[in-house]
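>>> Mind folding the following:
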Amino acid sequence: MKKFKKITVALMCLCLAASLVPMALADNAETSGTCGDNLTWTLSDGVLTISGTGEMEDYTFDSNPAPWYLTEESQSFTTVIIEGGVTTIGSNAFSDCGGLTSITIPDSVTSIGRAAFSYCFALTSITIPNSVTSISDNAFSSCEGLTSITIPDSVTTIGSAAFSFCSSLTSITIPNSVTSISNNTFSFCESLTSITIPNSVTTIGAEAFSFCESLTDVYYGGSEETWNATEIGEGNNRLTSAAIHYSGTDSSTDDTGNTPVFTDVVSGSYYCDAVAWAVGQGITTGTTSTTFSPDDTCTRGQIITFLWRAVGSPAPTGAGSFSDVDASIYYADAAQWASEQGIDLSTGTFSPAAACTRATVVEYLYRLAGSPEAAAATQFTDVSASDSYASAVAWAVETGVTTGTSETTFDPSATCTRGQIVTFLYRALGVKSLQNINT
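Presented below is the predicted three-dimensional model:
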């Protein structure tokens, strides 16, 4: 009898597996076809390309799977390229594409269908364009490798369980355009430690954050009074027991008199005043209309643009001299100006995408100030008198731009975050009487 039960269970498992991948192993060598009234698909060398105009067809994983599941390569492609003109990503379009690691979504797409990317275990990051307004139920459910995702402020609707079981996701920012968080949206996101919620959110559905065992911090874009008025459904104990960081009152201003506009810039953080100053001076507008991304690494292209804008965006006198700086890119004039003024000493190439180091930023500010001589040499153990940036570091400490990373170290080769960069700029060019912080 026990043997019969084991055989029965085994047969049931085989049947279930067959139903989950109904035709993935079918002997069908087709690598192209249609996936909408005016859309076609091709599969070649591990790349699936969707072309044409209009909406993608919706699929069901059992009775009507996406046509690329019928090919021998269905589980082997790693890249999906959706070309401009495609307006929707259909339901279950890429569900259970186990090898998928990269996807390109154009700004013609307005919606992501139900379970479109569910069970894409190898997908680690995805950028959603500003054209998308809705993310449907289970859209990214069980994407266990997903560590980061950018939700643009164009999104107004995030469906139920959209990011459930994304066990590697550590933080996420909800844009100001969203007014409610649906049931189970982030349930079982075991690595989620923090979330930024704007004060536009008035309801949070049942179990939206259930089993988020690591959630410790909620950064809320409004006041405590507004948070307490938010309707929060059952099963959100992890959310309600986390530390809630408020942005002061809903109409508060910081020490610069500027109104904070970014949901990820918490009142009281060392860079809060600096960010508000930078926005007020037109130095930056943030990474989106609601986020500044203070912990993101700042590139050389970004820092030189910040510096250029801080002094009024002067026009360069000559044509671009860097082979890796396209004339149409946003930092082109800034890089050329910096080269002409002797602020950046690069020759031939500028390396705009390279991370900006602590040594680089103080050298830029030092040269902009006219390379004044500091009263005393630096005492940092990791800055030698023979280093090209030694005078810049000594000047930066003397003028209060930085106190180093400790009493004895400066960490010249450490990369800078966007929050650190605007703080350096604020101390050098704006209000210098800030609290003494090891930054």
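
>>> Helices of the chain, start to end?
Ranges of helices in the chain, per DSSP state H, are 2-20, 224-228, 237-240, 272-280, 300-310, 332-340, 358-368, 390-398, 418-429.

>>> Any idea which of those gets closest to residue 59?
helix 2-20 (13.9 Å; Cβ to Cβ). C-beta: built from backbone N, CA, C; applies to glycine.

>>> Mean confidence (pLDDT) on that closest one, please.
When pLDDT is averaged over helix 2-20, the result is 38.

>>> Tell me the spacing between residue 39 and residue 164.
For residue 39, the distance to residue 164 equals 29 Å [Cβ to Cβ, to the nearest Å].

>>> Could you report the neighbour count for residue 40?
Neighbours of residue 40 under the rule other Cβ atoms under 10 Å: 14.

>>> Identify the bridge partners of it.
In this entry, residue 40 is beta-bridged to residue 34, residue 51, by DSSP bridges.

>>> hang on, isn't it packed against residue 33?
Yes. Contact criterion Cβ atoms under 8 Å: residue 40 and residue 33 qualify, at 6.9 Å.

>>> how about low-confidence regions in this structure?
1-29, 70-75, 247-261, 289, 430-439 (pLDDT under 70).

>>> Quick test: name the residue nearest the centre of it.
residue 150 (4.4 Å; Cα atoms, centre = their mean).

>>> The residue lying closest to residue 333 once chain neighbours are set aside - how many residues pack around it?
What sits nearest to residue 333 in space, not counting adjacent residues and going by Cβ to Cβ, 6 or more residues apart in numbering, is residue 316, at 5.6 Å. Per other Cβ under 10 Å, the neighbour tally for residue 316 reads 18.

>>> for the one 4 residues further on, same thing?
The tally of other residues near residue 320 (other Cβ under 10 Å) stands at 16.

>>> That one and residue 340, how far apart?
From residue 320 to residue 340 the distance is 11 Å (Cβ to Cβ).

>>> Residue 31 too?
Counting by Cβ to Cβ - residue 31 and residue 340 are separated by 53 Å.

>>> try residue 303
17 Å.

>>> which of the two has more neighbours?
residue 303 (28 against 14).

>>> and that one, what does it touch?
The contact partners of residue 303, by Cβ atoms under 8 Å, 6 or more residues apart in numbering, come to 356, 360, 361, 364, 416, 421.

>>> Tell me how many other residues crowd the second one.
The burial count assigned to residue 360 is 22, neighbours taken as other Cβ under 10 Å.

>>> mind listing what it touches?
Residue 360 touches 300, 303, 389, counting by Cβ under 8 Å, 6+ apart.

>>> In contact with the last one: list those residues for me.
Each residue near residue 389 by Cβ under 8 Å, 6+ apart is listed here: 359, 360, 362, 363, 383, 412.

>>> Looks like residue 399 contacts residue 424 (just checking).
No. Using Cβ under 8 Å, residue 399 makes no contact with residue 424, being 10.8 Å away.

>>> circling back: quickly check the contacts of residue 389 for the two that are furthest apart.
Across these (Cβ to Cβ), the longest gap, 13.7 Å, separates 360 and 383.

>>> Residue 126: what's it in contact with?
Contacts of residue 126 (Cβ under 8 Å, 6+ apart): 103, 105, 117, 140, 146, 149, 150.

>>> rerun that using 6 Å as the cut-off
residue 149 (Cβ atoms under 6 Å, 6 or more residues apart in numbering).

>>> and if you look at residue 297?
355, 415.

>>> Now with 7 Å, please.
Contacts for residue 297 (Cβ atoms under 7 Å, 6 or more residues apart in numbering) come out as 355, 415, 417.

>>> same thing with residue 307?
Residue 307 touches 364, 368, counting by Cβ under 7 Å, 6+ apart.

>>> now swap in residue 131 and tell me
Contacts of residue 131 (Cβ under 7 Å, 6+ apart): 107, 108, 109, 110, 154.

>>> Leaving out the residues flanking it, which one is nearest to it?
Closest to residue 131 by Cβ to Cβ, 6+ apart is residue 107, at 4.4 Å.

>>> Repeat that for residue 343.
In space, residue 343 is closest to residue 367, 4.7 Å off (Cβ to Cβ, 6+ apart).

>>> For burial, what's the neighbour tally of the one you found?
By other Cβ under 10 Å, neighbour count at residue 367 equals 17.

>>> now swap in residue 186 and tell me
Residue 186: 30 neighbours (other Cβ under 10 Å).
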